[in-house]
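**Q** test case, fold it:
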Amino acid sequence: MNIKRGLTIAISLIMLVSVLLVISPASSATASGSVSYTPTVFSAGVQTLTVASGGTFGSGSTVYFYISTTTSSAGIIGSYVGSYTLAGGTTTLSNSHFKITIPSSIAPGSYYLLASDSSSPTSSSAQFTSPALITVSSLSPIFSISGTQPTQPALVTGSGWDPYATVNLYLTGIDGTPLFNTYISSFTSGSSGSFTGTFTIPSMASGTYTIIAEETSGTNTGITADSTMTITPYLSVSPYDINGAAGTTLTITGYGFPAGAKVTGANVNGVTITIPATTASSNGYFSTSGALKSSITTPGSYSITVSYNSTSYTQQNAVFVSIPNPTDLGFIFPSTVYPTSPYTATVYDFPASITVTIFLRGIELGNI
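**A** Residues are numbered from 1 along each chain as shown. Modelled structure (predicted):
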């Protein structure tokens with residue numbers, strides 16, 4: 001009886017283990033299919049922002065990328081050159097952003113990228129996607145951007161590109177979007193492979209963004225470099241030139257503020273501008289109008305401050321007060337003047353030490 005019971009338990013355990021083996025996920029790698037990459041031209045020894053799509057891997061696994069001298073894993077050189085972890089329940093790459101670093105010891109030439117969800121490429125269980133042809137270049141181009149405010153100019157300097165090459169700048173998006181997401185501007189390198197130029201920063205919310213430069217014509221067409229650009233707020237005021245009288249209406253336009261920022265107040269050098277509460281758009285833009293609560297009587301350049309999200313931003317030299325009391329100003333001018341003949345004009349009650357220009361039907365007659 002005991003022997004029979006023991007045999008029954010043993011058989012039950014064997015059956016249970018068999019069921020667990022059937023329903024448990026396979027421990028071996030499952031990579032298959034093909035993967036496309038952007039870019040396909042790389043610099044050795046440099047981190048290159050790369051976007052990949054395609055392939056099939058284990059759900060939620062980490063995908064490893066290997067460089068190979070052949071179309072098979074037998075030609076893999078060293079360890080993986082990049083990796084990307086899929087979201088839970090995801091089995092394929094879809095505009096996935098990650099960095100690839102080709103070892104500096106690798107000579108320029110043609111190679112292949114293989115992707116696997118195994119971190120041990122020599123393991124007998126490792127599986128790989130179809131090989132993707134890439135080029136390793138001898139170039140190591142770079143560029144930098146100086147400028148932070150939307151609608152304002154930014155300075156771009158680049159070096160290490162092919163001579164007389166066309167280099168396009170793009171704003172890249174977040175993970176899941178194409179590498180070349182939004183075109184910004186184009187530049188042409190000189191004989192040394194360097195370039196300098198400017199572009200107008202597009203309207204975008206505050207934050208740090210990745211900018212991609214791609215050589216679109218030249219010996220190494222397709223090679224890229226990336227840099228960052230930090231966006232900060234910018235304010236413009238219309239009209240810029242005001243008389244400073246109480247009740248003067250100003251339109252305030254903001255760029256580069258946080259997406260959805262709550263704008264609650266504004267002032268010109270401490271003088272309140274009565275504005276309604278407003279909300280910045282997803283790209284950090286807003287426009288609102290209000291009136292000066294009290295007068296500004298001293299001519300000159302003034303800053304404007306906007307309060308938002310429990311903080312504030314001040315734009316210097318945003319408003320110019322030129323005529324504080326226009327109703328008190330006057331001038332005396334001859335009733336008759338003759339071409340080429342001198343005349344005398346008198347002005348009064350203008351601010352001291354300023355230049356007054358006299359016009360006749362839009363034609364400048366002179367300055368006092």
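**Q** correct me, but Pro121 touches Ser72?
**A** No. If you go by C-beta atoms under 8 Å, Pro121 and Ser72 don't touch, sitting 10.8 Å apart. From N, CA and C alone the C-beta is placed, and that goes for glycine too.
**Q** tell me the buried residues in stretch 88-106?
**A** For stretch 88-106, the neighbour count (16 or more other C-beta atoms under 10 Å) marks Thr92, Leu93, Asn95, Ser96, His97, Phe98, Ile100, Thr101, Ile102, Ile106 as buried.
**Q** ok, now stretch 251-262?
**A** Ile252, Gly254, Tyr255, Gly256, Phe257, Pro258, Ala261.
**Q** check contacts around the last one.
**A** The contact partners of Ala261, taken as C-beta atoms under 8 Å, 6 or more residues apart in numbering, are Thr279, Ala280, Gly284, Phe286, Tyr308, Asn309.
**Q** one more pass at 10 Å, please.
**A** When contacts are counted by C-beta atoms under 10 Å, 6 or more residues apart in numbering, Ala261 touches 205-206, 233, 254, 278-281, 284-286, 306, 308-309, 311, 313.
**Q** quickly list what's touching both of Pro121 and Ser72.
**A** With C-beta under 10 Å, 6+ apart as the test, Pro121 and Ser72 both reach Leu114, Phe128.
**Q** of those two, give the one with the bigger neighbour count.
**A** Neighbour totals were compared for Pro121 and Ser72, and Pro121 leads with 20 against 12 (other C-beta atoms under 10 Å).
**Q** so the residue nearest to the more buried one when sequence neighbours are not counted bridges to which residues?
**A** Excluding the flanking residues, the one nearest Pro121 by C-beta to C-beta, 6 or more residues apart in numbering is Ile76, at 4.9 Å. Beta bridges link Ile76 to Ser68 when assigned by DSSP bridges.
**Q** so Ile76 sits against Thr69, correct?
**A** Yes. Using C-beta atoms under 10 Å, Ile76 and Thr69 qualify as a contacting pair, with a distance of 8.2 Å.
**Q** neighbour-wise, which of the two wins?
**A** Ile76 (21 against 14).
**Q** ok, the more buried one - contacts?
**A** Tyr66, Ile67, Ser68, Thr69, Thr70, Tyr112, Leu114, Ser116, Pro121, Thr122, Ala126, Phe128.
**Q** likewise for Leu171?
**A** Here Leu171 is in contact with Phe180, Asn181, Thr182, Tyr183, Ile184, Pro202, Met204, Tyr209, Thr210, Ile211, Ile212, Met229 (C-beta under 10 Å, 6+ apart).
**Q** can you check Ser185 too?
**A** Taking C-beta under 10 Å, 6+ apart, one finds Ala154, Val156, Val167, Asn168, Leu169, Tyr170, Gly197, Thr198, Phe199, Thr200, Pro202 in contact with Ser185.
**Q** now it: phi and psi?
**A** Note on Ser185: backbone dihedrals following degrees, to the nearest 10 are phi -170, psi 170.
**Q** how about stretch 304-323: buried residues?
**A** Ile304, Thr305, Val306, Tyr308, Tyr313, Gln315, Ala318, Val319, Val321, Ser322, Ile323.
**Q** now do stretch 121-133
**A** Taking 16+ other C-beta under 10 Å as the criterion, stretch 121-133 shows Pro121, Ala126, Gln127, Phe128, Thr129, Pro131, Ala132 as buried.
**Q** got it, and stretch 213-230?
**A** Neighbour-count burial for stretch 213-230, counted by 16+ other C-beta under 10 Å, picks out Ala213, Glu214, Glu215, Gly218, Asn220, Gly222, Ile223, Thr224, Ala225, Asp226, Ser227, Met229.
**Q** ok, now which ones touch the fourth one?
**A** The contact partners of Gly218, by C-beta under 10 Å, 6+ apart, come to Leu139, Pro141, Trp161, Asp162, Pro163, Tyr164, Ala165, Thr166, Val167, Thr188, Ser189, Gly193.
**Q** and the residue nearest to Tyr183 when sequence neighbours are not counted, which of the three is it?
**A** Of all residues not flanking Tyr183 in the chain, Tyr170 sits nearest, at 5.7 Å (C-beta to C-beta, 6+ apart). With DSSP: H, G, I helix; E, B strand; the rest coil as the basis, Tyr170 sits in strand.
**Q** who are the contact partners of Tyr170?
**A** Residues in contact with Tyr170, defined by C-beta under 10 Å, 6+ apart, are 178-185, 210-214, 224, 226.
**Q** on that earlier part again, could you identify the buried members of the contacts of Ser185?
**A** By 16+ other C-beta under 10 Å, those give Ala154, Val156, Val167, Asn168, Leu169, Tyr170, Gly197, Phe199 as buried.
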